[in-house]
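no sequence for this one, just the structure:
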């Protein structure tokens, strides 16, 4: 969920006066998927680490939202933001390069120190 939210929220202020934006997707927007948030996973990880023994030999099922399409997710977030987002599908390699640049501030071919 975080990758979707970040991409859409980053356009919120830059779209002032405009009601449309663009969501870049490296995959088919009609495929159903479930979403979860990194923050939720982090909270659980911290709890398990802090409570150590209580969780020894335990197993936990990950849960998320019911499966929805990428288009439905983007439309839902757009509705909350009061914007409509066009979904532009790009080749996976291009999307990977964009993700690396966003995450590390460098192109995938650059050396990461």
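The structure has been received and is ready for your questions. Given the structure is predicted, the values throughout are model-derived calculations rather than measurements. Residues are numbered from 1 along each chain as shown.

Let me know the average pLDDT across the helix or strand containing residue 94.
In this structure, residue 94 is located in helix 92-104 according to DSSP states H and E. Averaging the model's pLDDT scores along helix 92-104 yields 82.

got it, and stretch 71-88?
Mean predicted confidence for stretch 71-88 is 90.

Off-centre distance for that stretch?
13 Å (CA atoms, centre = their mean, to the nearest Å).

Report back the residue of this protein that's furthest from centre.
The centre of the chain is farthest from one residue, residue 53, which by CA atoms, centre = their mean lies 32.6 Å away.

can you tell me how far that one sits from residue 59?
Distance, residue 53 to residue 59, by CB to CB, to the nearest Å: 16 Å. Bear in mind the C-beta positions are built from the backbone N, C-alpha and C, glycine included.

ditto for residue 43
Remark: distance between residue 43 and residue 59 (CB to CB) = 18 Å.

and those two? which has more neighbours close in?
Neighbour count, other CB atoms under 10 Å: between residue 43 and residue 59, residue 43 has more, with 11 against 5.

element containing that one?
With secondary structure defined by DSSP H and E, residue 43 is part of helix 38-51.

what's downstream of that helix, the next helix or strand?
Counting by DSSP H and E, what follows helix 38-51 is strand 68-69.

For that next one, give me every contacting residue.
29, 30, 31, 32, 33, 34, 35, 76 (CB atoms under 8 Å, 6 or more residues apart in numbering).

again, only this time at 6 Å
For strand 68-69, contacts defined as CB atoms under 6 Å, 6 or more residues apart in numbering pick out 30, 32.

Around residue 72, how many other residues sit close by?
13.
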